[in-house]
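Engineer: Predicted model and sequence below, questions to follow.
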Amino acid sequence: MAPRKKRARTDDTQTDDDPPEVDELQEENSKPQPHETLWHDDGNIVLATDAFLYRVHKGVLAKNSTVFRNMFMLPGDGTEGGTAGLGDGVWDGVPMVKMAGDDDVDVYNLLMALYDRKHYRMYETTTLQILISLIVMSAKYECEDIRAEIVKHLKEHYPSKLDDFQKAKTRELFNDPPVDYHFRLLSVAHMLYTPSLLPSLYYHCSLHDLKNILSWLHLISRNDLDKIIRGRERMAKYAYEAVTDALLPENECGNRACFRKRAELVIMNNNYDSYDRPPLPLEMPPSGILHLPDSKAKHAEICEPCVQNYRLSLNWLRKTFWRDLPCIFFMDEWDKMETELHAEAED
Ligand SMILES: [Zn+2]
């Protein structure tokens, strides 16, 4: 368990490497200090990070975290450095646990989520840092309720149903997120054990320019990079289908002007003059290329049956694209992702 490891390392430092007095003074100054907000006088446990001490309540931690619950059930309370050997000393008579390997900001965000209802609320706009902290900490300390809320929240933005994907969101997920936020979210999303979140997250990552993707490769695993790059190539097929197949240029409708206009639109929208691919089915407005400003004035030549055919084909392509999305990113079909752990926690 993490606190034991940290304690061993601290002991080693003290015994093997006695620092000079000046360093001791500096060390004293840099010791973690009681946190201004998360310091409850009636708290019965102190959690220590490299930066702060948090005086909180065992009951609150145990209620929300299986790891803490198990720790406190160990003989000697698990926090007094006695029988269980998990304690990291005492602060003013209160047992202390060092949060080994945890960033202070992650510990802070987890405790704030437990003590301040406004800090993180499901379906409310939050910050990328808060969400990442809560994902990391709820995985490490097995905070099932927090994890289930985050999964539900993320499902709204990274759904497994096309209708939900296309539906306008009531709130943004993040306040002012960095441009690489999909990649940063992906770097921790696997900790939620909810594969169905991933296809649309990969999709958003893949929409970025290749130059950006390569500049952010340090944020994600090799496996995820592989899926994004190869999936990005696979997606191009649907972009050309959405123009060529949907406009059916080989389909003679008997109207010569309509036929020629459709062929012209295919050539123009397939963008052969550029290295850029045409828009993907989900990037297009409901009426596809017929309602793009460039073609709006020109598509009057297209006869009504062909316009209807185009709409139907595009709609079908959108559904096909969504159905194939997990496969594009080398994952199981949507239906096979139904055995996710989060389903147990839902309602
Ligand atoms: Zn026609």
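Structural biologist: Ah, there it is.

Engineer: shaky segments in the stretch 151-300 of the chain?
Structural biologist: 249-250, 291-298 (pLDDT under 70).

Engineer: Residue 115 against residue 57, yeah?
Structural biologist: No: Residue 115 lies out of contact with residue 57 (Cβ atoms under 8 Å); the separation is 9.0 Å. For the C-beta atoms, the positions are set from N, CA and C on the backbone; glycine is no exception.

Engineer: buried ones in the helix or strand harbouring residue 307?
Structural biologist: Using DSSP states H and E, the element containing residue 307 is helix 304-328. The neighbour-count check on helix 304-328 (16 or more other Cβ atoms under 10 Å) flags 306, 309-310, 313-314, 317-318, 321-322, 324-326, 328 as buried.

Engineer: filter those by proximity to the ion?
Structural biologist: Residues of those in contact with the ion (Cβ under 5 Å from the ion): residue 306.

Engineer: In the buried residues of helix 304-328, find the pair that's most separated.
Structural biologist: Farthest apart among the buried residues of helix 304-328 by Cβ to Cβ are 306 and 326. That separation is 32.7 Å.

Engineer: ok so, going back, can you name every helix or strand that the helix holding residue 307 contacts?
Structural biologist: Secondary structure elements in contact with helix 304-328, counted by 3 or more Cβ pairs under 8 Å, 6 or more residues apart in numbering; DSSP states H and E, are helix 162-166, helix 198-206, helix 222-247.

Engineer: so who does the residue nearest the centre of the chain touch?
Structural biologist: By Cα atoms, centre = their mean, the chain has its centre lying nearest to residue 185, at 3.2 Å. The contact partners of residue 185, by Cβ atoms under 8 Å, 6 or more residues apart in numbering, come to 128, 131, 132, 201.

Engineer: element containing it?
Structural biologist: For residue 185, the element it lies in under DSSP H and E is helix 181-189.

Engineer: Distance from the chain centre to that helix, please.
Structural biologist: 5 Å (Cα atoms, centre = their mean, to the nearest Å).

Engineer: Check which residues of that helix are buried.
Structural biologist: Of all the residues in helix 181-189, those buried under the rule 16+ other Cβ under 10 Å are 181, 182, 183, 184, 185, 186, 187, 189.

Engineer: What's the separation between the fifth one and residue 145?
Structural biologist: Using Cβ to Cβ, to the nearest Å, residue 185 is found at 20 Å from residue 145.

Engineer: quick one: contacts for the residue of the stretch 101-250 of the chain found nearest the ion?
Structural biologist: Nearest residue of the stretch 101-250 of the chain to the ion: residue 248, at 9.1 Å (Cβ to the ion). Counting by Cβ under 8 Å, 6+ apart, residue 248 touches 262, 306, 309, 310, 313.

Engineer: Check residue 69 too.
Structural biologist: 61, 62, 63.

Engineer: quick one: what helix or strand has it in it?
Structural biologist: helix 66-73.
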